[in-house]
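Engineer: fold the following for me, if possible:
(chains A and B)
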Amino acid sequence: MGRITLDKVAKSFGDVEVIPPLDLTIEDGEFVVFVGPSGCGKSTLLRLIAGLEDVSSGEIRIDGEDATSVPPAKRGLAMVFQSYALYPHMSVRKNIAFPLRMAKLDAAEQSRRVEAAADVLNLTEYLDRRPGQLSGGQRQRVAIGRAIVREPAAFLFDEPLSNLDAALRVGMRLEISELHKRLETTMIYVTHDQVEAMTMADKIVVLRAGNIEQVGSPLELYREPRNLFVAGFIGSPKMNLIGGEIAEKHGAPTIGIRPEHVTVSNEAGEWHGTVGVSEHLGSDTFFHVTCDGIEEPVTVRVGGEVDLHYGDKVWLSPDPDHLHRFDKAGLRIA
Amino acid sequence: MATQHSRSAARLMMTPAVILLLGWMLVPLTMTLYFSFKRYLPMRGDSLERGLDWVGFENYVRFIGSSSFWPSVQATLLIVGGVLVITVVLGILLAILLDQPFWGQGIVRILVIAPFFVMPTVSALVWKNMMMDPVNGMFAYLWRFFGAEPVSWMSDASVQSIILIVSWQWLPFATLILLTAIQSLDSEQLEAAEMDGAPVLSRFFYIILPHLGRAITIVILIQTIFLLSIFAEIFVTTGGSFGTRTLTYLIFQRVVDSQNIGLGSAGGVYAIILANIVALFLMRIVGKNLDQ
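Structural biologist: I've put the predicted structure just below:
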């Protein structure tokens, strides 16, 4: 069980309010991702839930019980840190067994659980090595192993993949998702990488300056961003945000159109422009087109390979069904 | 340092330093060895010009046969061991304390280092006359304030007094090295241990202490080298009486007080052997710790 409720939780360091009072409910078994730019308070929020920081006001409930002043170890949560925080002088086996040893479990039970965790994470042959002798991905798995053996109510991940190289990150992302499906335990995952958020989450919480900007499933956030910040943050490449006269024509101070919802044509279209830099990914091609009357270059996504070159004149047309309209305050117009 | 040319240039550059160091160590060592096999009593008219009598191992037998030899080895090990225990234990505690954020941290840290800059002779004098004097000392005052009989430190608790003085001098060194070691501990490790359910004491024994292992061995190694040869503190306070005659001090007495250079030199050779035995043990421990 792992239902976590935040009720008007706030945090200030001295006079600086890092997190203004916020409410959030994380259902049992959910994979929730806190995402936002650096300094948005997402790690602080996670540390508040973990109990490593004290809340300034408000209440944290775990499975309905008030856990606001419960020490971290008693909350039944396990955390995986950005630096993995493995104990360098202990073998992998001892690292994973450490929480069990602290809980004073008997030796047989300890080794049974360690073996089981090592088996799940493919660590069996590394059990007697030291963390210093392992690769980044293996260390990450040891850190996860140390969390699993406690059989916690929820897992907390604090940017666990940011120290890994790109290829390994994709692999670990799948492994963590796989683990979540298998364990069906609540997981809270902090990242600044919206790709990680989109691919892994059941529910994404977008944070900016300690405020929750939007909560929803990845596709909800993609389809209906509540405001300009979420619109610009979710999706890769970023949504084109256009103001001025062109936006007025569509009846809003600002309009947004995703690169994949713009059609390119050589003959006719709504906006006329010149092709700038293009990025060829094989499966897709991204064009940055400088259009008349639009300040920023418009990013366009075209499937496959397209015969367009630097300096070519093209016409762009946004798909009206996927046009996002925002009012003066930056909020979505329904 | 890759090419043949740069390697020979490097050797050439190092030569003066190597020669100087060799001279510095080899000449006194050879002289000590030479004198230790000779009868050399300057007050009885022996001198290098007239030639010294070869006496074989007589000096060695006499030095080790003397009733003060084993007590002096004992005193040496007692003082070195005592100082090591006190400086390491208090050093760890002080380092943890100084690692906490508090107001005036910078000034306190500088003050903590201060005793290390006081010359051994001066600090021994200050301790002897200002703190430990049975009539006018601060301790005597304190004892009387609580209605107790003042302790005459230098005669009744002589070894403890010297351990106290030397510990006071070396505590800053230990604290400083251990403090830098503690500062290099990743705070996420402590937080992870906290999440894993380790209470404060377990965090200390399972995380902080193993992390400090290497620094502790270095403190022990360096301090031992210097503590084996402490002299000023004993000379100024007890003058080697009341069981504070260490091996170093015994050699000094044989050479200077008894004017027996041959006997003192033999003692010096024993001291070299003792220091090497200790160093051997320490190097093995340190080596094991540094391998990790």
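Engineer: need phi/psi at the spatially closest residue to A:Arg129 that is not a sequence neighbour.
Structural biologist: With C-beta to C-beta, 6 or more residues apart in numbering or on different chains as the measure, A:Val92 is the residue that lies nearest to A:Arg129, at 5.6 Å, once sequence neighbours are left out. Where C-beta positions appear, they are placed from N, C-alpha and C, glycine not excepted. Reported as degrees, to the nearest 10, the phi and psi values for A:Val92 are phi -60, psi -40.
Engineer: quick check, A:Val92 in contact with A:Gly132.
Structural biologist: No: A:Val92 lies out of contact with A:Gly132 (C-beta atoms under 8 Å); the separation is 10.7 Å.
Engineer: so those two - more neighbours on which side?
Structural biologist: A:Val92 (27 against 10; other C-beta atoms under 10 Å in any protein chain shown).
Engineer: list the contacts for residue 159?
Structural biologist: Using chain A here. Residues in contact with A:Glu159 (C-beta atoms under 8 Å, 6 or more residues apart in numbering or on different chains) are A:Ser43, A:Gln82, A:Val190, A:Thr191, A:His192.
Engineer: think we crossed wires, I meant chain B
Structural biologist: With contacts taken as C-beta under 8 Å, 6+ apart, B:Val159 has the following neighbours: B:Ala75, B:Leu78, B:Ile79, B:Gly82, B:Phe242, B:Gly243, B:Thr244.
Engineer: okay, now the first one: neighbour count?
Structural biologist: Neighbour count for B:Ala75, taken as other C-beta under 10 Å: 23.
Engineer: likewise for B:Glu233?
Structural biologist: A count of neighbours around B:Glu233, defined by other C-beta under 10 Å, yields 24.
Engineer: do the same with A:Gly14
Structural biologist: The local packing of A:Gly14 (other C-beta under 10 Å) involves 5 other residues.
Engineer: can you give me the end-to-end distance of stretch B:240-253?
Structural biologist: The stretch stretch B:240-253 measures 9 Å between its terminal residues, going by C-alpha to C-alpha, to the nearest Å.
Engineer: show me what that stretch is in contact with.
Structural biologist: Residues lying outside stretch B:240-253 but in contact with it, judged by C-beta under 8 Å, 6+ apart, are B:68-69, B:71-73, B:75-76, B:79, B:154-155, B:158-159, B:162, B:228-231, B:234-235, B:237-238, B:264, B:267-268, B:270-271, B:274.
Engineer: chain center to it, what's the gap?
Structural biologist: On the basis of C-alpha atoms, centre = their mean, to the nearest Å, the separation between the geometric centre of stretch B:240-253 and that of its chain is 15 Å.
Engineer: before we move on, what about stretch B:202-218?
Structural biologist: On C-alpha atoms, centre = their mean, the centre of stretch B:202-218 falls 22 Å from the chain's centre.
Engineer: go through it and flag the buried ones.
Structural biologist: For stretch B:202-218, the buried set under the neighbour-count rule, 16 or more other C-beta atoms under 10 Å in any protein chain shown, comprises B:Ser202, B:Arg203, B:Phe204, B:Tyr206, B:Ile207, B:Ile208, B:His211, B:Leu212, B:Ala215, B:Ile216, B:Thr217, B:Ile218.
Engineer: ok, the fourth one - contacts?
Structural biologist: Pointing back at B:Tyr206 there. Under the criterion of C-beta under 8 Å, 6+ apart, the contact list for B:Tyr206 reads A:Tyr87, A:Phe98, B:Ala193, B:Ala198.
Engineer: pLDDT at residue 172, what is it?
Structural biologist: If you meant another chain, say so; for now it's chain A. Confidence per residue is given as pLDDT, and for A:Met172 that number is 87.
Engineer: you looked at the wrong chain, it should be chain B
Structural biologist: 92.
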